[in-house]
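> The following comprises the amino acid sequence and a computationally predicted model.
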There are 2 protein chains.
Amino acid sequence: MVKNRRTATCGQLDASWAGKKVTLNGWVHRNRDHGGIHFLNLRDRYGMTQVVIDEDADEKLKSDAESLKIEYVIAVEGEVRKRPDSMVNKDMSTGEIEVKAEKITILNSCETLPFMIDEESEANENLRLRYRYLDLRSAGMQKRIKLRTDLAFAVREFFDSRDFMEIETPTLIKSTPEGARDFLVPSRLHEGKFFALPQSPQLYKQILMVSGFDRYFQIARCYRDEDARGDRQLEFTQIDVEMSFVSADDVFEMTEAMYQHIFRKLMNIELPATFERISYHDAMNTYGSDKPDLRFDLKFRDFAPYVDGGDFSVFKSVLEDGKGAVKALVVPGAAEAYSRKKITELEDTAKKYGAKGLAWMKVTAEGLDGGISKFYQNTADRIKEGLGAKEGDLILLMGAPWKTACTSLGAVRSRLGKDLNLIDESQYRFCWIVDFPLFDYNEEEECWEPAHHMFSMPQDRFIDTMEENPGDVLGDLYDLVLNGYELASGSIRVHDPVLQQRIFNIVGFPKELAEERFGFLLESFRYGAPPHGGIASGLDRLVMIMAGRETIRDVIPFPKNNMGISPMDDCPAHVDEEQVSDLHLQIVYKESPDTQAAE
Amino acid sequence: MVKNRRTATCGQLDASWAGKKVTLNGWVHRNRDHGGIHFLNLRDRYGMTQVVIDEDADEKLKSDAESLKIEYVIAVEGEVRKRPDSMVNKDMSTGEIEVKAEKITILNSCETLPFMIDEESEANENLRLRYRYLDLRSAGMQKRIKLRTDLAFAVREFFDSRDFMEIETPTLIKSTPEGARDFLVPSRLHEGKFFALPQSPQLYKQILMVSGFDRYFQIARCYRDEDARGDRQLEFTQIDVEMSFVSADDVFEMTEAMYQHIFRKLMNIELPATFERISYHDAMNTYGSDKPDLRFDLKFRDFAPYVDGGDFSVFKSVLEDGKGAVKALVVPGAAEAYSRKKITELEDTAKKYGAKGLAWMKVTAEGLDGGISKFYQNTADRIKEGLGAKEGDLILLMGAPWKTACTSLGAVRSRLGKDLNLIDESQYRFCWIVDFPLFDYNEEEECWEPAHHMFSMPQDRFIDTMEENPGDVLGDLYDLVLNGYELASGSIRVHDPVLQQRIFNIVGFPKELAEERFGFLLESFRYGAPPHGGIASGLDRLVMIMAGRETIRDVIPFPKNNMGISPMDDCPAHVDEEQVSDLHLQIVYKESPDTQAAE
């Protein structure tokens, strides 16, 4: 029996415990004297309890209480009593009571903290990561890690109810560089050979379908040796799913049901029975993004019909070769607030995405004013009516090759959503993006490339005539978007080796290379592979969105920082020479080792 | 909507479906003609259904049926009907019915199989691993992977009910070589530096306790770069648990409850309310092993009391220095069956464990006979009575330094358990091994070493006087043994930096090295670390034992073979030169690269 073992948690006691003896274990959250009475807030994972050392307590107890510093770990034996009415704290689950201490035992002490334990740690991120075991004590991190834990269990409950099997796939696998770079793991037993860490369980989950497991999922660790830009981690977690004998509709239904279960259970939110489906083309044309944030409107309109009626030659030449687009974005009521200067800031955003400029006009009672309005005076009314623009609105216009026009104006749209506070943060707007093209044409190299990857099924109606016009072929590919984030991605897979080879041929992927990299998967297709498809969701990102945070680092217990380093345990790190030579390797420094060692 | 989509699984149909139309999807398991009627066994994950193409079926259907080869993936549309009584198969869940086929669609074909899909694949292991996607279709592998899946879910259910949080720990961590060798992961972003893959989440789960998460578990992937001897995998899975403010008893209670839940749910077996606890010393003295198989008796007896009464000098000298032991193992009724030759085989086993020989005597009506009995004629009756040996018994005797005597005779005991069929394979006998010594004395180097690792708490009563006689100090360490396998291992941890340093001092572990390797954990102990402890179970081994198999490879979907290679996806493998140089590395071949490439 451990001495001083708790008989209740710090979140458990309420008025029904009044009069009972208890022992609590926890951390000293706050410790203050108040007119001769000593108050301690004792904290554990489950909550907070007020502990009181009365004025009439014996000297030893008083002195023990006084010796306690913040974050000491203690055991308190005492009696539960109701607080005086004036002191009841409705915000605490234990707010009706307090514990009158009879004995305090220090279980462990704590040195001076680098930052206080609070709702969120007030410290720069590197310090929080360095002392992650302190940062994780903060209420905010505790809540988020609990959300993550609860999410994973809710996912597993859901799939268990649907007879999906969670199956572990290997993580010491063959390097098949695809997408990002593989992390390599040198083999000691086999000189000069390497394992890789998987970027995803993709190939293995397909093998599990060929193996007849029918319905699979896994909460899987994935690894990408990418540059530390954006909000990425070298290792991250996916909810990975695959099904046999299904169409994309089946995958959608299963996925929607999974998210409904998650949001209902964890957030008490009812999601729609089905999620909106938008074609890639429409998403780009309407929102300028293949991951549109649907929480606010601001849809694009096509300005091409109005170009000929005006004199703006820039737009006319954009449309000449049939590959350009002129898009308009009507921003309601923004004419007054948006000075030339502010519009230039929007233009800067557009330029980052390849646009040469951002044109504009303002809508007045009389017609159109400012910017390029002089080129459209004659057709002002037609334009206003056609775009649904009203007095006081700002019209932004982008003319460029189609994709550039969409994405650069899309970036402007995203920025406006934030700048104008158009986003209702309480909303969770899901949509499927479908009808992706299977092939992209590479103008420079004059050849076709896979738009996503080479293993997705073409949609049924395109299969027979794929080679005739690859650019028209739409794939059975789909992305799931939530609030402007790409949350999940998947496809129905090619399971027929003949069809697979046709796709390899279209993109000019050499057969030998396919053999070398994915040979075992392709071979398995010759042994009775069922039709199959699936999807993978980013668990870290999902938790981040649900927790209302902006970086996945806030929902991962021990993430790497934005330099790909973990400050707490200081890795990556140098290792013993012997460890390296045992792996039949030698380090080749660009600079001298001494410079390295000094780092 | 996918064409030919199933409306039932191959395991679902029964008499209640008679008369209904169904579509099934599955694999052609068997395909035979029987007097003009064509029978197909159609198989999927859920079961098997008999599909019949009647004699009066149209020619196209008959010819489609005939074209089907083993493991073709097909869709069958037809009508469910009851089988004739004489053909009802009580061993199949669908055995009351069959499906009269109306239409057959081939979804995918299958080339000639390297081995048949059956209960177990009749093929050598390397072929099974090479074509693992076929081997996994076998009923045996399907059952075992399902057992594994169900086990993982049962574990999670259990811990969820107890408010344990499943928290993911990082797998790109700092190399801290302990136990086995670390796998290394070269960093591309940080020249000359490496991550390691974790041998276990040990350090991080302790950090999670310091972070206040109170109750943690994880079904965690672990990695050890070990030689491929015995039944080991380079990557394997642990059920990893840690708790705060607990004693060993709390860990035992939680663990016993977890196993009770697992065995009740998955095997319908009620385990005892608590598991037997045996001290390390008693386990060695009684069974010759710190992981005794309790499914059969054959306990050791101490023969030391009888040594002086006899003339066998070997035994007398063994006992002289006070460090030796003479153990007796009475094997009931084995005197007749065990010829000198067979006893020599047992002796060979003993010698593998360091014994110089194995002595013996047989028990007759008159007394003791054979072997070394001539040295004990005078005390024969006393010996028989003292050892509880009866006429017809064989007495095996081992005299050696204590540990050697125990382990070598223990190996003989294990062998006898198998040879004499003493083991009831339906039993699951758990026991805790407790009271391990904390320190071992290294005679050669004349210093103390940690017997397990340096982070376990000494038992309470030894703490104050640890340095006086380290050899006497017992640790708060424990192993869980099941049927002779070490299933789980754990301890209460040291959480006090002062005590930790005392342990480092006793074993002479340099402070700087501790800082370098475990610095962050030791530092965290200075910031309010709670008392904590835990345990980790080998999930692969547990599933193996429950499935009655002899190698963990049979319960892992894609294991490596005993050379540490995966034949299916051919890894580890050579990678592009550029991948290696991007990691600031160069391969140093012992032989010329050409020899390597030829492999």
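It's in.

> Direction included, what does the strand or helix carrying residue A:327 pair against?
Per DSSP states H and E: residue A:327 is located in strand A:324-331. Each strand paired with strand A:324-331, and its direction, by DSSP bridges: strand A:300-302 (antiparallel), strand A:394-401 (antiparallel).

> contact partners of the helix or strand that comes right after it?
Using DSSP H and E, the helix or strand that follows strand A:324-331 in sequence is helix A:340-352. With contact meaning CB atoms under 8 Å, 6 or more residues apart in numbering or on different chains, helix A:340-352 is reached by A:338, A:355, A:357-358, A:360, A:371, A:394, A:396, A:398, A:408-409, A:411-412, A:415-416. Every residue, glycine included, has its C-beta placed from N, CA and C.

> quick one: buried residues of helix A:340-352?
By 16 or more other CB atoms under 10 Å in any protein chain shown, the buried positions in helix A:340-352 come out as A:343, A:346, A:347, A:349, A:350.

> now do stretch A:77-92
For stretch A:77-92, using 16+ other CB under 10 Å, the buried residues are A:77, A:78, A:80, A:81, A:83.

> Now intersect those with the helices, please.
Counting by DSSP state H, no part of those is found in helices.

> Tell me the one of the residues you listed nearest residue B:458?
Lowest distance from residue B:458 to the buried residues of stretch A:77-92 (CB to CB) belongs to residue A:77, with 25.5 Å.

> In the stretch 401-550 of chain A, which residue sits closest to chain B?
Nearest to chain B, among the residues of the stretch 401-550 of chain A, is residue A:528, at 3.7 Å (CB to the nearest CB).

> Tell me how many other residues crowd that residue.
28 (other CB atoms under 10 Å in any protein chain shown).

> ok, now the one 3 residues further on?
The local packing count at residue A:531 equals 25, with neighbours defined by other CB under 10 Å.

> need the helices for the stretch 1-150 of chain A, in chain order.
For the stretch 1-150 of chain A, helices defined by DSSP state H, counting those that start in this stretch occupy the ranges A:59-67, A:125-130, A:132-135, A:139-161.

> Residue A:418 is in what secondary structure piece?
If you go by DSSP H and E, residue A:418 is part of helix A:402-419.

> That helix: what's the following helix or strand?
Using DSSP H and E, the helix or strand that follows helix A:402-419 towards the C-terminus is strand A:430-434.

> same question for that next one, mean pLDDT?
Average pLDDT, strand A:430-434: 98.

> Pairing partners for it, with directions?
strand A:276-279 (parallel), strand A:477-482 (antiparallel).

> winner for burial among these?
Comparing the strands paired with strand A:430-434 by mean neighbour count (mean count of other CB atoms under 10 Å in any protein chain shown), strand A:477-482 ranks first with a mean of 24.

> Using PDB, write down the CA coordinates of that strand.
This file holds the C-alpha atoms of strand A:477-482, laid out as PDB (Å, rounded to 0.1, in the frame of the first residue of the first chain):
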ATOM      1  CA  LEU A 477     -10.300  10.800 -56.400                       C
ATOM      2  CA  TYR A 478     -11.700  13.000 -53.600                       C
ATOM      3  CA  ASP A 479     -10.500  15.300 -50.900                       C
ATOM      4  CA  LEU A 480     -12.400  16.200 -47.700                       C
ATOM      5  CA  VAL A 481     -12.100  19.900 -46.800                       C
ATOM      6  CA  LEU A 482     -13.000  21.400 -43.400                       C
END
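
> Tell me the first helix or strand C-terminal of that strand.
Immediately after strand A:477-482, counting by DSSP H and E, sits strand A:485-492.

> Okay, now the sheet partners of that following strand, with direction.
Within its sheet, and counting by DSSP bridges, strand A:485-492 is paired with strand A:477-482 (antiparallel), strand A:532-538 (antiparallel).

> and residue A:236, how far is that from residue A:322?
Note on residue A:236: its distance to residue A:322, by CB to CB, to the nearest Å, is 41 Å.

> These two: who's more crowded?
residue A:236 (19 against 6).

> So that one: helix, strand or coil?
For residue A:236, the assignment made with DSSP: H, G, I helix; E, B strand; the rest coil gives strand.

> Point me to the helix or strand that includes the closest residue to it other than its chain neighbours.
Of all residues beyond its chain neighbours, the one nearest residue A:236 is residue A:540 (5.2 Å), with distances taken as CB to CB, 6 or more residues apart in numbering or on different chains. Assigned by DSSP H and E, residue A:540 belongs to helix A:539-546.

> can you list contacts of the helix or strand following that helix?
Using DSSP H and E, the helix or strand that follows helix A:539-546 towards the C-terminus is helix A:577-582. With contact meaning CB under 8 Å, 6+ apart, helix A:577-582 is reached by A:188, A:586, A:587, B:175, B:177, B:181, B:182, B:184, B:194, B:588.

> likewise stretch A:366-373?
In this structure, residues lying in contact with stretch A:366-373 by CB under 8 Å, 6+ apart are A:312, A:343, A:359-363, A:376-377, A:380-381, A:383-384, A:395, A:397.

> Could you rerun that using 10 Å?
By CB atoms under 10 Å, 6 or more residues apart in numbering or on different chains, the residues outside stretch A:366-373 that reach it are A:310-312, A:314-315, A:335, A:338, A:340, A:343, A:357-364, A:374-381, A:383-384, A:389, A:391, A:394-397.

> picking up where we left off before, out of the helices of the stretch 1-150 of chain A, which one sits most buried?
Mean neighbour count, computed with mean count of other CB under 10 Å, is highest for helix A:132-135 among these, reaching a mean of 26.

> and that one, is it in reach of chain B?
Yes - using CB under 10 Å from any CB of the partner chain, helix A:132-135 reaches chain B at A:132, A:133, A:134, A:135.

> now stretch A:109-121
Yes - with CB under 10 Å from any CB as the criterion, chain B is reached by stretch A:109-121 at A:109, A:110, A:111, A:112, A:113, A:114, A:117.

> can you count the residues close to the third one?
When neighbours are counted by other CB under 10 Å, residue A:111 registers 12.

> residues in contact with it?
Taking CB under 10 Å, 6+ apart, one finds A:69, A:71, B:497, B:523, B:526, B:527, B:528 in contact with residue A:111.

> re earlier: on contacts alone, who are the packing partners of the helix holding residue A:540?
Secondary-structure packing of helix A:539-546 (3 or more CB pairs under 10 Å, 6 or more residues apart in numbering or on different chains; DSSP states H and E): helix A:139-161, strand A:215-223, strand A:235-244, helix A:248-267, strand A:477-482, strand A:485-492.

> so how far is that helix from its chain's centroid?
Put simply, helix A:539-546 sits 5 Å off its chain's centre (CA atoms, centre = their mean, to the nearest Å).

> can you check stretch A:462-475 too?
On CA atoms, centre = their mean, the centre of stretch A:462-475 falls 33 Å from that of its chain.

> Quick check: ChimeraX command selecting the buried ones in the residues of stretch A:109-121 next to chain B.
Selecting only the buried entries of the residues of stretch A:109-121 next to chain B in ChimeraX, with 16+ other CB under 10 Å as the criterion:
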select /A:109,110,113,117
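
> Just name the closest of the residues of stretch A:109-121 next to chain B to chain B, please.
Of the residues of stretch A:109-121 next to chain B, the one sitting nearest to chain B (CB to the nearest CB) turns out to be residue A:110, at 3.7 Å.

> still on that earlier bit, pull the most distant pair out of the contacts of helix A:577-582.
Distance extremes for those: the farthest pair is B:177 and B:588 at 20.5 Å, using CB to CB.

> Show me which residues of the stretch 401-550 of chain A sit near chain B.
Within the stretch 401-550 of chain A, the positions near chain B by CB under 10 Å from any CB are A:460, A:492, A:495-497, A:516-521, A:523-531, A:533, A:539-540.

> Can you say which of those are buried?
By neighbour count, with 16+ other CB under 10 Å, those hold A:492, A:495-497, A:517-521, A:523-525, A:527-531, A:533, A:539-540 as buried.
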